[in-house]
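*Asks:* coordinates only, sequence not included:
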């Protein structure tokens, strides 16, 4: 009987773990550039039972992310940008270089182009992008950045750098706890001149709200089923004890 309870309890725990992943996806439906996290069940051998080599348990694993492109939304903001097709923006974090699809950029008090999280956006030469004070910034399709200073002649527009756009193999990309992606092994990806972007747009999350909601409901039902198995096993054990007990 304890094996039934152990198996059902393990299944319920796995359902809760997957529910947490789906809930996180659902919470980021409106997050710019968010990539849906995938969660699956997989079997693992039960260690410590040499007499029962066929027994297995299950764990919830997150093998990767859905890297399909999200919906492009036009904002008209000069500092907004979205990558068309495959590719990533490069940003500098305390843990090293990381990559994101979120192109909602801003200029901080130090005059650096940064993400909404405050991470500096990297240029093709590996340095943060510096924006002239009160300068009007424009992006080209290949990531080149031009700026026109306040009060300058429109003909005096200057090229201040080029965004580092990368496109490492999808299999090498690892999601971090901060929501950013990095190349497995910690090395920096090389700039890819084939990556293209469009200014005045942002890419929305690629999470499908309907599918996420259906997944949450299905997991809730699975959890109820596991709890029912535990309740029935407990009730059966009580009946067996009552039969075997002596008055």
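*Replies:* Looks like it came in fine. Since this is a predicted model, take the numbers as computed values, not measurements.
*Asks:* how about residue 147, secondary structure?
*Replies:* Following DSSP: H, G, I helix; E, B strand; the rest coil, we place residue 147 in the strand state.
*Asks:* domain parsing for this structure?
*Replies:* Under the assignment automatic domain parsing, the domains of the chain span 2-66+207-244, 72-203.
*Asks:* lowest average pLDDT across these?
*Replies:* Ranked on mean pLDDT, the bottom entry among those is domain 2-66+207-244, at a mean of 81.
*Asks:* hang on, the earlier thing: out of the domains of the chain, which is the most enclosed?
*Replies:* Ranked by mean neighbour count under mean count of other CB atoms under 10 Å, the domains of the chain are led by domain 72-203, which reaches a mean of 17. The way it works is simple: take the backbone N, C-alpha and C, and place the C-beta from them, glycine included.
*Asks:* first-to-last residue distance for that domain?
*Replies:* Terminal residues of domain 72-203 are spaced 5 Å apart (CA to CA, to the nearest Å).
*Asks:* could you do stretch 137-157 as well?
*Replies:* Termini of stretch 137-157 sit 9 Å apart (CA to CA).
*Asks:* please apply the same query to stretch 27-41.
*Replies:* 22 Å.
*Asks:* look up the closest residue to the residue nearest the centre of the chain, ignoring the ones flanking it.
*Replies:* Residue closest to the average C-alpha location in the chain (CA atoms, centre = their mean): residue 35, at 4.3 Å. Excluding the flanking residues, the one nearest residue 35 by CB to CB, 6 or more residues apart in numbering is residue 65, at 4.3 Å.
*Asks:* what helix or strand is residue 217 on?
*Replies:* helix 209-244 (DSSP states H and E).
*Asks:* for that helix, packing partners?
*Replies:* Applying 3 or more CB pairs under 8 Å, 6 or more residues apart in numbering; DSSP states H and E, we find helix 209-244 packed against helix 2-27.
*Asks:* what's the helix it packs on packed up against?
*Replies:* So helix 2-27, by 3+ CB pairs under 8 Å, 6+ apart, packs with strand 56-61, helix 209-244.
*Asks:* tabulate those in JSON lines, adding columns for distance to residue 18.
*Replies:* What follows is those, written out as JSON lines (distance: least, CB to CB, whole Å):
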{"stretch": "strand 56-61", "distance to residue 18": "5"}
{"stretch": "helix 209-244", "distance to residue 18": "6"}
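*Asks:* quick one: which of those is nearest residue 85?
*Replies:* Residue 85 lies closest, by CB to CB, to one member of those: helix 209-244, at 23.1 Å.
*Asks:* can you give me the angle the closest one makes with helix 2-27?
*Replies:* 160 degrees (axes from the mean of the first three to the mean of the last three CA atoms, to 10 degrees).
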